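Undergrad: Okay, here's the prediction I keep looking at, along with the sequence it came from:
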Amino acid sequence: MFILRRNPTLLNRTKLNRTLGSVAIITFLLFAFMSANAQTKLLRFPDISGDRVVFTYGGDLWTAPAAGGSAIRLTSHPGMEVFGKFSPDGKVDRFHRTV
């Protein structure tokens with residue numbers, strides 16, 4: 001009479017493969033979710049006037065609707081422009097430039 005035994009090494013490898021596979025899938029889904037919801041987070045020195053906002057991104061000044069939407073680049077000089085400010089009439093008229 002033969003007794004069938006399970007190979008404990010094979011059983012442990014199967015559990016390990018399932019665990020590693022699950023971890024890989026969860027990691028992939030986590031990174032996919034994070035990249036899908038990624039937002040630009042280096043917007044600095046904002047100033048708001050009415051329904052517009054001016055901010056610094058990448059060393060240039062940008063403006064966008066305060067409610068959200070597409071931004072428009074205002075400057076593109078070799079130096080850095082920061083601290084954009086709106087004048088009382090709603091125009092961006094002051095900022096600091098470093099070369």
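TA: Nice, I can see it.

Undergrad: which regions of this protein lie under the pLDDT threshold?
TA: 1-13, 29, 31-41 (pLDDT under 70).

Undergrad: how about the strands in it?
TA: Applying DSSP state E to the chain gives strands spanning 44-49, 52-57, 60-65, 72-73, 80-86, 92-98.

Undergrad: would you list the ones you listed in TSV and tack on distance to residue 21 and mean neighbour count?
TA: (C-beta placed from N, C-alpha, C; glycine too.) Converted to TSV, the strands of the chain look like this (distance: least, Cβ to Cβ, whole Å; neighbours: other Cβ atoms under 10 Å):
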stretch	distance to residue 21	mean neighbour count
strand 44-49	42	14
strand 52-57	40	19
strand 60-65	43	18
strand 72-73	45	11
strand 80-86	48	17
strand 92-98	52	13
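
Undergrad: nearest to residue 25, of the ones you listed?
TA: The closest of the strands of the chain to residue 25 is strand 52-57. By Cβ to Cβ, the value is 35.0 Å.

Undergrad: Which elements pack onto the closest one?
TA: If contacts are counted by 3 or more Cβ pairs under 8 Å, 6 or more residues apart in numbering; DSSP states H and E, strand 52-57 sits against strand 44-49, strand 60-65, strand 80-86.

Undergrad: ok now it, how far from the chain's centre?
TA: Centre-to-centre, strand 52-57 and its host chain are 17 Å apart (Cα atoms, centre = their mean, to the nearest Å).

Undergrad: Can you tell me the strand partners of that strand and which way each runs?
TA: If you go by DSSP bridges, strand 52-57 pairs up with strand 44-49 (antiparallel), strand 60-65 (antiparallel).

Undergrad: Which of these sits closest to residue 71?
TA: Across these, residue 71 has its closest neighbour in strand 60-65 (4.0 Å, Cβ to Cβ).
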